[in-house]
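Q: Got a predicted model here, sequence first, then my questions.
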Amino acid sequence: HASRPHFTVGVSQCSDDAWRQKMNNEMQTEALLYDNLELEIRSAGGDSERQIADIRHFIEQGVDLLIVAPNEAIPVTPVVEEAYARGIPVIVVDRKILSDHYTAYIGADNYRIGKIIGEYVASQLGGRGEVIELTGLSGSTPAIDRHQGFVNALKNHPGIRVLCSEDAHWLRSDAEVRADSLYRIYPEVDLVFAHNDQMALGAWQAAGHTPGGRTVDVVGIDGLPGPGNGIEMVRSGVFKASFIYPTGGERIIATAAAILRGEPFERETLLSTAIVDRTNATVLDMQSSEIIAQQQQISRLKSLADSYLLRYSTQRAISWFSLVS
Ligand code: FRU
């Protein structure tokens, strides 16, 4: 019988952490629905040079489609444009490039997230207070957009002072070190806004180390389900708030499949987001535990189906063998 076309999709992730793992898992699961679609995922570990090499590898390998979350916009843009110019469809996800030479973009509005958090912080502090901002990697577009949205929101609240804005590279450890010295310089700080939950955790851990164990409110972004992640941190009162930053893995693969099959697709997909605070964290936590349980069930069913298929093909081979011998 005629075999259907087989597609290889190269996925270039800028980094590797719980949020990326969630996106990768969603993409792998969605890809199972298309039995002719194969993913190869590479992670650059937060290094733009390494990501350029990963994308070069995918170009040379001749992948049918490229999915890329660009670590930093400036250095990574040219190699993405190169892939696109060579006729490889490109889906840019989460972080952006500085060019419109791509096929589709899927992600959330980071400017809007920063803006809503600015409003939230101003209202939580009753219009008066001192804030420290820990930003994500300064060359990555979500850090730029979250910062812009945040400071623009605070323009309407002159009683809120941003004491400083420091780059902690999306990393918990960097945030902990930065926060530790910033608390000494600015002992009057009321609240830390960190651009992701990892850094928010670092800022919270550093607060425990200050003499007298000061209380600083901490707000993050990502709002991941599961133990030790954002939703739980808000529910247990460690964080004041977080913000769901959707990973969108299913949408990404569904769009990839549409592009490869020549079907219509959306060029720009905006994923929806929402704030997580003590008013909704318990409900979100319950619902996400249920979703996690269902996902585990799906993967158990998948391995069961695989073992049936294996047994079936083995039996077919055995009966064919007994027929000819
Ligand atoms: C994960 C991450 C998230 C953040 C996003 C921004 O690698 O650092 O924590 O929200 O990337 O691109």
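A: Now that the structure is in, tell me what you want to look at. Note that the structure is a prediction, hence the values are computed from the model and not measured.
Q: got the residues of the chain near the ligand?
A: Counting by Cβ under 6 Å from any ligand atom, the residues of the chain close to the ligand are 15, 17, 19-20, 94-95, 136, 140, 142, 170, 196, 198, 221-222, 245. (C-beta placed from N, C-alpha, C; glycine too.)
Q: so what pLDDT did the residue of the stretch 101-250 of the chain found nearest the ligand get?
A: The minimum distance from the stretch 101-250 of the chain to the ligand, using Cβ to the nearest ligand atom, falls at residue 196 (3.4 Å). Looking at residue 196, its pLDDT is 98.
Q: Hmm, it is touching residue 224, no?
A: No: using Cβ atoms under 8 Å, residue 196 is not in contact with residue 224, being 9.8 Å away.
Q: residue ranges with poor pLDDT in this protein?
A: 1-4, 209-214, 325 (pLDDT under 70).
Q: Scan it for its longest helix.
A: Counting residues, the longest helix found in the chain (DSSP state H) is helix 281-324.
Q: How far does it sit from its chain's centre?
A: Taking Cα atoms, centre = their mean, to the nearest Å, one finds the center of helix 281-324 at 27 Å from the center of the full chain.
Q: Then stretch 66-78?
A: Relative to the chain's own centre, stretch 66-78 is displaced by 15 Å; criterion: Cα atoms, centre = their mean.
Q: Mind listing residues that contact that stretch?
A: Residues outside stretch 66-78 that contact it (Cβ atoms under 8 Å, 6 or more residues apart in numbering) are 9-15, 20, 27, 44, 46-49, 51-52, 55, 58-59, 80, 83, 88-99, 137, 139-141, 252, 256.
Q: which of those residues are buried?
A: Listed as buried from the contacts of stretch 66-78 are 9-15, 20, 27, 44, 46, 48, 51-52, 55, 58-59, 80, 83, 88-97, 137, 139-141, 252, 256; burial here means 16 or more other Cβ atoms under 10 Å.
Q: Return the subset of those residues lying in strands.
A: 9-13, 90-93 (DSSP state E).
Q: Would you map the helices across the stretch 51-200 of the chain?
A: Ranges of helices in the stretch 51-200 of the chain, per DSSP state H, counting those that start in this stretch, are 73-85, 110-124, 141-154, 172-185, 197-209.
Q: tell me which residues of the helix or strand harbouring residue 276 are tucked away?
A: Applying DSSP states H and E as the criterion places residue 276 in strand 274-277. Residues of strand 274-277 classed as buried by neighbour count (16+ other Cβ under 10 Å): 275-277.
Q: ok, of those, which one's closest to residue 229?
A: For those, the residue nearest residue 229 by Cβ to Cβ is residue 276; the value is 10.6 Å.
Q: What separation do you get for the closest one and residue 81?
A: 37 Å (Cβ to Cβ, to the nearest Å).
Q: go on, residue 291?
A: Taking Cβ to Cβ, one finds residue 291 at 37 Å from residue 81.
Q: returning to what we had before: got the ones in strands among the buried ones among the contacts of stretch 66-78 as a markdown table, with distance to residue 148 columns?
A: Output for these, formatted as a markdown table (distance: Cβ to Cβ, whole Å):
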| residue | distance to residue 148 |
| --- | --- |
| 9 | 32 |
| 10 | 31 |
| 11 | 28 |
| 12 | 26 |
| 13 | 25 |
| 90 | 25 |
| 91 | 25 |
| 92 | 19 |
| 93 | 20 |
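Q: My read is that residue 14 contacts residue 42, right?
A: No: applying Cβ under 8 Å as the test, residue 14 and residue 42 come out as separate, 10.3 Å apart.
Q: sorry, back to before: tell me how far the strand holding residue 276 lies from the chain's centre.
A: Centre-to-centre, strand 274-277 and its host chain are 16 Å apart (Cα atoms, centre = their mean).
Q: ok, now stretch 260-277?
A: What separates the centre of stretch 260-277 from the centre of its chain is 14 Å, taken as Cα atoms, centre = their mean.
Q: List the buried residues in that stretch.
A: Buried, per 16+ other Cβ under 10 Å, within stretch 260-277: 260, 265, 269, 271, 273, 275-277.
Q: The ligand: which of these is nearest?
A: When the buried residues of stretch 260-277 are compared against the ligand (criterion: Cβ to the nearest ligand atom), the nearest one is residue 273, at 10.7 Å.
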